[in-house]
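Asks: here is a sequence with its predicted model. Questions after.
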Amino acid sequence: MTLPLAPCLPTYRARRRFALATVLLALFAIGAGPDRPRAVWAVKDREARQPQVTIGAEGRVYLAFGAGNEIRVASSDDAGRSFSEPVTVGSPGMLALGMRRGPRIAAGQGAVVVSAIGGLGGGPYGGLSAGDLWSWRSLDGGKTWEEPIRLNRVEGSAREGLHAMAAGPEGQIACVWTDLRDDRAHIRGVISADGGQTWGAELLIHQSPEGPICPCCHPSVAFGPDGTLYVMWRDAISGARDMYLCRSTDGGRTFEPARKLGLGTWPLDVCPMDGGAIAAGPEGKVTTVWMRDGRLYSAEPGQPERLLGPGVQGWASWGPGGPFLAWLDRRPGRLLTLRPGDAEPVELFRSANDPSIAAALDGRGPVFAAWEAGPGGSGIFVARLDDPGDPE
């Protein structure tokens with residue numbers, strides 16, 4: 001008797017190709033060199049996208065990501081050597097993913113908070129015809145999650161799908177997003193003073209003087225150790241798409257006038273779909289990282305920008321010794337990281353997408369990076385940047 005093998009061959013071959021690809025990926029990308037941190041394969045799921053990482057109490061590492069329309073969280077209690085099976089937080093309908101869309105995560109006052117934007121149906125903004133920003137809170141280390149809270153007060157106004165979230169030194173949490181009410185993209189935000197249990201009044205943080213801000217570049221938010229709140233976005237003023245930063249020293253009640261970052265400018269008529277990140281340190285020190293015309297720069301407020309090289313999708317966080325930076329040389333492409341004291345960036349991964357970095361709030365470490373493997377994907381990887389080499 002001849003068994004009908006033919007119908008099974010495509011599935012078998014696809015699985016074999018995926019298995020071979022992941023083995024090869026592990027061989028050339030995970031191993032650590034003398035100066036390269038070791039990457040851990042934290043989530044083995046091809047649907048896992050847009051990872052964000054944060055450090056909670058006692059150094060516990062939390063990793064949030066999207067898979068389909070679900071928001072999931074995995075965690076590590078052994079300094080990032082291994083990660084738990086992901087827990088499903090919830091689903092806001094059609095989850096906004098891709099190009100820095102996706103969930104965000106922060107920890108404060110014994111709580112872990114996740115935020116994400118979702119809606120129903122198709123539309124021009126991130127695949128959403130309606131999009132709202134929601135937050136979930138866990139009080140047991142991410143095992144269970146409370147019912148979500150909607151953060152944008154005007155229904156559907158967060159439909160661009162882009163937002164950012166950060167925790168402060170006193171457990172406060174800030175969430176900012178690109179808002180499209182009145183069809184004019186601008187930056188709004190809310191702040192929680194109790195670890196995400198409740199949220200304050202909606203804040204109008206910035207509205208461009210000439211019309212909408214650059215609508216498809218994600219905003220950034222960060223707290224300094226002294227509680228100063230920083231927000232960054234790409235504006236569209238006089239035909240240029242440059243990065244701007246503002247700050248609040250009174251807990252978000254008021255914001256100082258926005259300041260352009262860097263001395264150069266970028267005349268551009270379209271959105272480049274690339275935001276940036278803020279690393280806020282002690283004594284008011286701030287470093288930003290962002291892209292202009294295919295090149296990545298770092299800049300301090302009021303100072304000339306520093307060229308890092310060809311790059312996109314930059315991220316930053318303040319850790320031991322100063323700012324830790326990460327970016328791609330292209331998308332997808334090589335993942336590079338520059339740590340305090342390094343003369344040159346180190347290649348962390350051969351082919352990656354959308355990296356993010358998080359450091360402990362006290363700035364003393366640890367510092368972790370997370371990213372998607374690409375192209376095609378085989379899951380999410382995590383590496384501890386302030387502790388290079390084999391974690392064992």
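Replies: Structure's in. What do you need?
Asks: which residues of the stretch 151-300 of the chain fall in helices?
Replies: For the stretch 151-300 of the chain, no helices are identified by DSSP state H, counting those that start in this stretch.
Asks: tell me where the model's unsure across it.
Replies: Judged against pLDDT under 70, the stretch 151-300 of the chain has no low-scoring part.
Asks: that one: strands as residue ranges?
Replies: 163-167, 173-179, 186-192, 203-206, 220-223, 229-234, 243-248, 259-260, 276-280, 286-292, 295-299 (DSSP state E, counting those that start in this stretch).
Asks: neighbours of Glu344, just the number please.
Replies: 8 (other C-beta atoms under 10 Å). For the C-beta atoms, the positions are set from N, CA and C on the backbone; glycine is no exception.
Asks: do Arg259 as well
Replies: 12.
Asks: list the contacts for Asp132?
Replies: 92, 117-119, 150-152, 155-158 (C-beta atoms under 8 Å, 6 or more residues apart in numbering).
Asks: contact partners for Asp77?
Replies: Asp77 touches 60-61, counting by C-beta under 8 Å, 6+ apart.
Asks: ok, 6 Å please
Replies: Going by C-beta atoms under 6 Å, 6 or more residues apart in numbering, Asp77 touches Arg60.
Asks: roughly how far apart are it and Ile213?
Replies: 40 Å (C-beta to C-beta, to the nearest Å).
Asks: with Pro282 instead?
Replies: 30 Å.
Asks: of the two, who's got more company?
Replies: Neighbours were counted for Pro282 and for Ile213 using other C-beta under 10 Å; Ile213 has more, 24 against 11.
Asks: how about residues contacting the longest strand seen in the chain?
Replies: As assigned by DSSP state E, the longest strand anywhere in the chain is strand 346-359. Residues from elsewhere that reach strand 346-359, judged by C-beta under 6 Å, 6+ apart: 28-29, 35-36, 50, 52-55, 313, 315, 317-319, 324, 326, 332, 334-337, 367-372, 374.
Asks: what strands line up against that strand, and which way round?
Replies: With DSSP bridges as the test, strand 346-359 is paired with strand 333-338 (antiparallel), strand 367-373 (antiparallel).
Asks: tell me how far the longest one is from the chain's mean position?
Replies: It stands for strand 367-373. Mean-position distance between strand 367-373 and its chain equals 10 Å (C-alpha atoms, centre = their mean, to the nearest Å).
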